[in-house]
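[1] the following comprises the amino acid sequence and a computationally predicted model.
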Amino acid sequence: MPDIMPVSRRTALALSGGALLSRLDPAMAARASRDAAPDWATEPMRWFQLAFTEDDVGHFDPKFWTDYFRDIHADGVCLSAGGGIAFYPTAIAYHGMAPGVDRGQDPFGDMVFACKKMGLRVLARIDPHAMNAAAAAAHPEWALTGPDGKIKRHGSAPDLTLTCAYGPYNFELMPKVIEEIARRYPVDGFFGNRWNGSGTCYCESCRTQYRAASGLDIPLDPDPSTPAGRRYATWAETRLFALIDRWNAAARKHRPAASFIPGSDRRGLVELNGPGLSQRLPIAFCDRQARSVENSPWAPGPEAWGAGRYTRELRAFMQDKPVGHIISVGVEESYRWKDSVQAGPEIRIWAAGAIAQGARPWITKFNGKPLDKRWMDVVRDIYQWHHANDRYLSNTHNLARVGLVLSTRTPPFLGGWKQRHDLEGHLRGFYQALLESRVPFDLIDDGFLDAPSLSRFRTLILSNAAVLSDTQCEQVRAFVAGGGRVIATHQTSLFDGDGQRRPDFALADLFGCSVTGEEEGPLRNAYLTIHHAHPAMAKLPEISRTIGPIRRQPVKARNASEVALTLVPSYPDLPMERVYTDRTESNIPMAICRQAGKGRVVYLPMDIDRTFAELSHGDHLTLLQSMLDWAHDEQPPLQIDGPGLVDIAYWRQKNSVTAHLLNLNNPMTMRGSYRAAIPTGPYRVALQLPAGTRPSQVRRLSDGGNVPIQVDGDRVIVDVPSIDYHEVIAVDLG
């Protein structure tokens, strides 16, 4: 099994797992992909997607849209082309056309040529996930098939049949479609919707290929927490990467600079292995279009900072290459109101969150005959502001010094389909703690723990990164040996790259402890004792003890002086007369904070991060802040003083630096949707300047005005009276 083994894809109902397909050096892969990135991927700053409906043919107004594209300063557009339904006159058998296209209409071609005349970049949207009745009758081998041998119909359009992502439909028919489009139309690339299938397929093609690759039958329950599920996921991932390569080759026969860009939600891309994707993609787009109140492991969360989080997750493997965030103007709920329109404040806060964390906005609209146009002025305002400040939004790299590791295998390998959402709570909790603490931080994919990728960070957070290969553990160890700081929680490194439990932590030498038993929990009425004489607790004299975690990993510390927290074990919580204990202290370690050569390590043998995600208890936030302060031991490059909840980012451009402040102070922050912005302030912002530079001009981009230059050592100080949605402080460098 390869050492670096990020996980799979959405195909088996968001199944995850799988091995790295090729032994790539992550830094070299990222560098090669970035150096080879074509202009069409690096130049556009604002994208717009127009997704046709079948009744658009002959009934929509192309000039209406091109005028709007010009008005909002769109640089690139994505237009529905083909796949299950063609919006151009195709000559390919069983490539079904929308009604009217067969009578001389070419809505895709008309829009392509009009947009290219305007100088726009164009992506052809292809959607191969379903086929019409004629294609299904002629080619039943193209269909998604259940383990009982029955083909699967489309859930909302029963006249359509779902297709298999791994067989001849995608590998034989779709390359012909891509070649035909590339030959006829001056497109720059291809964007795939639902390109990676609708579930585990048991068609004869899949059975034959899987048996040839593994010698086994496709498992009936390919849950990634089982060895059989992980084997299947590895095969599926291999096929999906082969599909990207196949479609790239087809596009480049006629468009040498073209690439296929897989469109998918957070899982569909992030859980394909990072190095493999980074090698193949010049740009990536996050398809988490809006907030949702649906409480599902697969739904986007209701938090207002979700757009920023999903953007960070995409950048975790794309690194410094361009990324976009697909933003719907409609409501994204399971009831599928696709002609709905969001309120303006909700569109604004979602777009601002994505832009703040480095995304190039991509607005998507279904139906070329808009029924409700209220969104158009909102998007116009956002895009015109974005265009006016292009040079301050053309980021070269992020300046955060704290990296939160995206553990791609721990939730699927250990949680499977049923418990992975619970295990993802570790990352969600630490993410929220960093956000509330106003710490500039970035996410990094665990496939990129090599020295060049980690060189920009001082502190690395392993939030229950339980599944780590030996190579990854050596990379973490080397990071600490070079003076890096590490904070790790719960079962980090207790499982190897295959998801098999080790007898002890692979990083036990860094943690200063060893495992003594099985995970305990849920704990009831247990507490953390804080009054230990350890420097990490120096800033918390007023807290003697607080509520404990929900789960803990029993360990034995090697040096009692390194223990900063201990446990008060559970005692009765009912009846009230029995709620007491005579054991107010123990020697059970709950935080080990230690110097490790030139580096520092904090190990928390508990799920305090996941518990914080569930309870949002203020003491847990304070404890996580204290641990980070002690470990990091460095002044942040961006500091914010002022009220409430603010998401932040600090970016470098060619001739400037910018600090983003996203105002999340709103009673609807934890729900969707925003009703109105609530202006909040004042704020004082301190920006550390890159070495050897000086400020020549300072601006606040929301009000468009210059502000006086205040310098304190190597920092520029800027006062911000108030923020409604999003403020950007731009410092031109001399």
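    Okay, I see it.
[2] part of a helix, is residue 651?
    No - Residue 651: not assigned to a helix; according to DSSP: H, G, I helix; E, B strand; the rest coil it is strand.
[3] can you tell me how far it is from residue 709?
    Residue 651 sits 19 Å away from residue 709 when distances are taken as CB to CB, to the nearest Å. For glycine as for every other residue, the C-beta is placed from the backbone atoms N, C-alpha and C.
[4] how about residue 489?
    42 Å.
[5] the helices in the stretch 51-200 of the chain, which residues?
    Assigned by DSSP state H, counting those that start in this stretch, the stretch 51-200 of the chain shows helices spanning 62-72, 107-117, 133-138, 168, 174-184.
[6] dump those helices to TSV, plus distance to residue 440.
    Supplementary listing: the helices of the stretch 51-200 of the chain in TSV, determined by distance: least, CB to CB, whole Å:
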stretch	distance to residue 440
helix 62-72	30
helix 107-117	38
helix 133-138	51
helix 168	49
helix 174-184	41
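[7] any chance of a markdown table for the ones you listed, columns mean neighbour count?
    As requested, these are exported to a markdown table (neighbours: other CB atoms under 10 Å):
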| stretch | mean neighbour count |
| --- | --- |
| helix 62-72 | 16 |
| helix 107-117 | 20 |
| helix 133-138 | 15 |
| helix 168 | 15 |
| helix 174-184 | 20 |
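[8] so which of these gets nearest residue 683?
    Comparing the helices of the stretch 51-200 of the chain against residue 683 with CB to CB, the closest turns out to be helix 62-72 (29.5 Å).
[9] who are the packing partners of the closest one?
    Under the contact criterion of 3 or more CB pairs under 8 Å, 6 or more residues apart in numbering; DSSP states H and E, helix 62-72 touches strand 47-51, helix 107-117, helix 374-388.
[10] now the element after the last one, going C-ward?
    If you walk from helix 374-388 toward the C-terminus, the next helix or strand you reach (DSSP states H and E) is helix 390-393.
[11] pLDDT on that next one, on average?
    Averaged across helix 390-393, the pLDDT comes to 98.
[12] who has more neighbours, residue 489 and residue 709?
    Remark: of residue 489 and residue 709, residue 489 carries more neighbours, 28 against 14, as counted by other CB atoms under 10 Å.
[13] so what pLDDT did that one get?
    Here, the pLDDT recorded for residue 489 equals 98.
[14] please tell me how far the residue nearest in space to the middle of the chain sits from residue 357.
    The centroid of the chain falls nearest to residue 313 when counting by CA atoms, centre = their mean (2.5 Å). Distance of residue 313 to residue 357, given as CB to CB: 10 Å.
[15] still on that earlier bit, rebuild the helices and strands packed on helix 62-72 as TSV, extending it with distance to residue 321.
    Output for the helices and strands packed on helix 62-72, formatted as TSV (distance: least, CB to CB, whole Å):
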stretch	distance to residue 321
strand 47-51	15
helix 107-117	24
helix 374-388	19
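[16] tell me which of the ones you listed sits nearest to residue 394.
    Across these, the minimum distance to residue 394, taken as CB to CB, is reached by helix 374-388, at 10.9 Å.
[17] for the residue lying farthest from the centre of the chain, helix, strand, or coil?
    Relative to the average C-alpha location in the chain, and by CA atoms, centre = their mean, no residue lies farther out than residue 577, which sits at 48.7 Å. Here residue 577 is helix, with the state taken from three-state DSSP.
[18] per-residue pLDDT, it?
    With respect to pLDDT, residue 577 scores 90.
[19] equivalent analysis for residue 10, please.
    For residue 10, the predicted pLDDT is 31.
[20] try residue 155
    We have a pLDDT of 89 for residue 155.
[21] residue 418 and residue 491, how far apart?
    Following CB to CB, the distance that separates residue 418 from residue 491 is 18 Å.
[22] where does the stretch 151-300 of the chain dip in pLDDT?
    Per-residue confidence for the stretch 151-300 of the chain (pLDDT under 70) gives these ranges: 264-271, 295-299.
[23] which parts of it are strands?
    Listed in chain order, the strands of the stretch 151-300 of the chain (DSSP state E, counting those that start in this stretch) span residues 161-162, 189-192, 260-262, 284-286.
[24] mean neighbour count and distance to residue 479 added to these, as a markdown table?
    Written out in a markdown table, the entries for the strands of the stretch 151-300 of the chain read as follows (neighbours: other CB atoms under 10 Å; distance: least, CB to CB, whole Å):
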| stretch | mean neighbour count | distance to residue 479 |
| --- | --- | --- |
| strand 161-162 | 24 | 45 |
| strand 189-192 | 26 | 36 |
| strand 260-262 | 25 | 31 |
| strand 284-286 | 26 | 26 |
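[25] out of these, which is closest to residue 678?
    From the strands of the stretch 151-300 of the chain, taking CB to CB, the stretch that ends up closest is strand 284-286, at 26.7 Å.
[26] following that closest one, which helix or strand shows up next?
    Tracing the chain C-terminally past strand 284-286 and defining elements by DSSP H and E, one meets helix 306-318 next.
[27] CA atoms only for that next one, dumped as PDB, please.
    As requested, the backbone C-alpha atoms of helix 306-318 are provided in PDB (Å, rounded to 0.1, in the frame of the first residue of the first chain):
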ATOM      1  CA  GLY A 306     -19.000  27.600   5.300                       C
ATOM      2  CA  ALA A 307     -18.000  29.200   2.000                       C
ATOM      3  CA  GLY A 308     -14.600  30.100   3.400                       C
ATOM      4  CA  ARG A 309     -14.200  26.600   4.900                       C
ATOM      5  CA  TYR A 310     -15.000  24.800   1.600                       C
ATOM      6  CA  THR A 311     -12.700  27.200  -0.300                       C
ATOM      7  CA  ARG A 312      -9.900  26.400   2.200                       C
ATOM      8  CA  GLU A 313     -10.500  22.700   1.700                       C
ATOM      9  CA  LEU A 314     -10.100  23.000  -2.000                       C
ATOM     10  CA  ARG A 315      -6.900  25.100  -1.600                       C
ATOM     11  CA  ALA A 316      -5.600  22.500   0.800                       C
ATOM     12  CA  PHE A 317      -4.600  20.400  -2.200                       C
ATOM     13  CA  MET A 318      -4.500  23.000  -5.000                       C
END
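[28] packing partners of it?
    Packed on helix 306-318, when contacts are counted by 3+ CB pairs under 8 Å, 6+ apart, are helix 266-270, helix 274-280, strand 284-286, strand 323-328, helix 344-356, strand 441-445.
[29] quick one: closest of the ones you listed to residue 676.
    Closest of those to residue 676 is helix 344-356, at 5.4 Å (criterion: CB to CB).
[30] the closest one versus helix 306-318: what angle between them?
    Using axes from the mean of the first three to the mean of the last three CA atoms, to 10 degrees, the inter-axis angle of helix 344-356 relative to helix 306-318 is 20 degrees.
[31] counting by contacts, list what helix 344-356 packs against.
    For helix 344-356, the elements it packs on are helix 306-318, strand 323-328, strand 360-366, helix 374-388, strand 646-652, strand 656-663, strand 726-733, judged by 3+ CB pairs under 8 Å, 6+ apart.
[32] note down every partner strand of the shortest one and its orientation.
    By that I understand strand 323-328. Strand partners for strand 323-328, identified by DSSP bridges, are recorded as strand 284-286 (parallel), strand 360-366 (parallel).
[33] can I get these in CSV including distance to residue 444?
    Below are those laid out as CSV (distance: least, CB to CB, whole Å):
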stretch, distance to residue 444
strand 284-286, 15
strand 360-366, 20
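[34] looking at those strands, which is buried most?
    Neighbour counts averaged per stretch over these are highest for strand 284-286, at a mean of 26; criterion: mean count of other CB atoms under 10 Å.
[35] which residues touch that strand?
    Applying CB atoms under 8 Å, 6 or more residues apart in numbering, the external contacts of strand 284-286 come out as 47, 191, 261-263, 265-266, 269, 277, 310-311, 313-314, 318, 321, 323-326, 354, 359, 362.
[36] nearest approach to residue 557 belongs to which of the helices and strands packed on helix 344-356?
    The minimum distance between residue 557 and the helices and strands packed on helix 344-356 falls on helix 306-318, with 32.1 Å, by CB to CB.
[37] can you tell me the average pLDDT over that closest one?
    Here the mean pLDDT over helix 306-318 is 94, rounded to a whole number.
[38] done for today, thanks.
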